[in-house]
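Q: Need a 3D model of the sequence below.
(chains A and B)
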Amino acid sequence: MFRRRVRRGRSGTYELRIGTEERDVLRTLPGQLRELLVGGDRLEDPALRRLYPAAHLDDPAAAAEFDELAREELTAGRMEAIDTMLRTIDAPSLTGDELAAWLGAINDLRLMLGVRLAVTEESAAQDFAGDPEAEGTFELYGYLSMLEEEIVEALSDDVEGAGAFGAPPVV
Amino acid sequence: MSQPAPVEVDRPAGDHDVTSDVPWIVVVWNDPINLMSYVVYVFQKLFGYPRAKATELMLDVHHKGKAVVSEGTRERCELDVARLHSHGLWATLQRSR
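A: All right, here's what the predicted structure looks like:
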């Protein structure tokens, strides 16, 4: 039985039908992302390199200059999304801006977890069998993918028309 | 495949203002994490593309490994890359030729 967790309500708000157990999992996540953003090694940590990719492929000097100019604002935006998600983690409904912040934080979290798991487009649960921690992380990654898919679908109604992708395939 | 090999990218010829009228392009690269629906949503939101166009670009990224999503001055392209990075997409800019 499938019940949508994210639904557009009247007056431009979005109803969040997420149970307590799920919210208790969700509330632990933004802090992990914040820890990466403030404490991670920007040169060595692959998750950070994925969140702040080089803007120029074969011009390291230009890429470094871009990073210098863009990084602070990029981090500030990510922190703001984290703060918004934490502040509204128990809210029954969200504004469009708040839901967009959830989407940003959740997508960043998926990038962080996906890089740590080294997922591919074909990754499946059995790939992580035998490693309980990785199994749990992959399960969480899958849950966030499903939730993100629902958020995107709800927000896409605003962007243009309605559109339903089925399962969440990756690019 | 978390870092798909960047291939066949034209080498920027230099970095000087003399050629600042040469258009730049913004390229989005395939990655195994971002959801297809999310990428379509981001293209629509950031560039105002109709859903069909955004979907076509997303499918190019998915099947061909990359797609050019915008073009213009270097400054304009830098701004677009920053906005794409803030949405978690893997984007780069380069001279169009």
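
Q: Give the residue spans of the chain that score low on pLDDT.
A: No chain was given, so I picked chain A. A:1-2, A:160-171 (pLDDT under 70).

Q: should've been chain B
A: Checking chain B against pLDDT under 70 turns up B:1-22.

Q: near chain A, which residues of it?
A: B:1-2, B:6, B:9, B:11-12, B:15, B:30-41, B:44-45, B:50-51, B:58, B:61-62, B:78, B:81-82, B:85-88, B:90-94 (CB under 8 Å from any CB of the partner chain). Where C-beta positions appear, they are placed from N, C-alpha and C, glycine not excepted.

Q: One more pass at 6 Å, please.
A: Counting by CB under 6 Å from any CB of the partner chain, the positions of chain B adjacent to chain A are B:1-2, B:6, B:9, B:12, B:30, B:32-39, B:41, B:44-45, B:51, B:61-62, B:81-82, B:86, B:88, B:90, B:92.

Q: Okay, and which of those residues map to strands?
A: B:Thr92 (DSSP state E).

Q: and the residues of chain B next to chain A, which are buried?
A: Buried residues within the residues of chain B next to chain A, defined by neighbour count using 16 or more other CB atoms under 10 Å in any protein chain shown: B:2, B:12, B:30, B:32-39, B:41, B:44-45, B:51, B:61-62, B:81-82, B:86, B:88, B:90, B:92.

Q: Show me the strands in chain A, by range?
A: A:6-8, A:14-16, A:93-94.

Q: so which of those strands is the most packed in?
A: strand A:14-16 (a mean of 21; mean count of other CB atoms under 10 Å in any protein chain shown).

Q: List the strands paired with it, with their directions.
A: When pairing is defined by DSSP bridges, strand A:14-16 lines up against strand A:6-8 (antiparallel), strand A:93-94 (antiparallel).

Q: from chain A, which residue is nearest to chain B?
A: A:Gly114 (3.9 Å; CB to the nearest CB).

Q: roughly how far apart are that residue and A:Ile106?
A: Separation of A:Gly114 from A:Ile106 (CB to CB, to the nearest Å): 12 Å.

Q: what's the spacing between B:Val68 and A:Ala55?
A: 15 Å.
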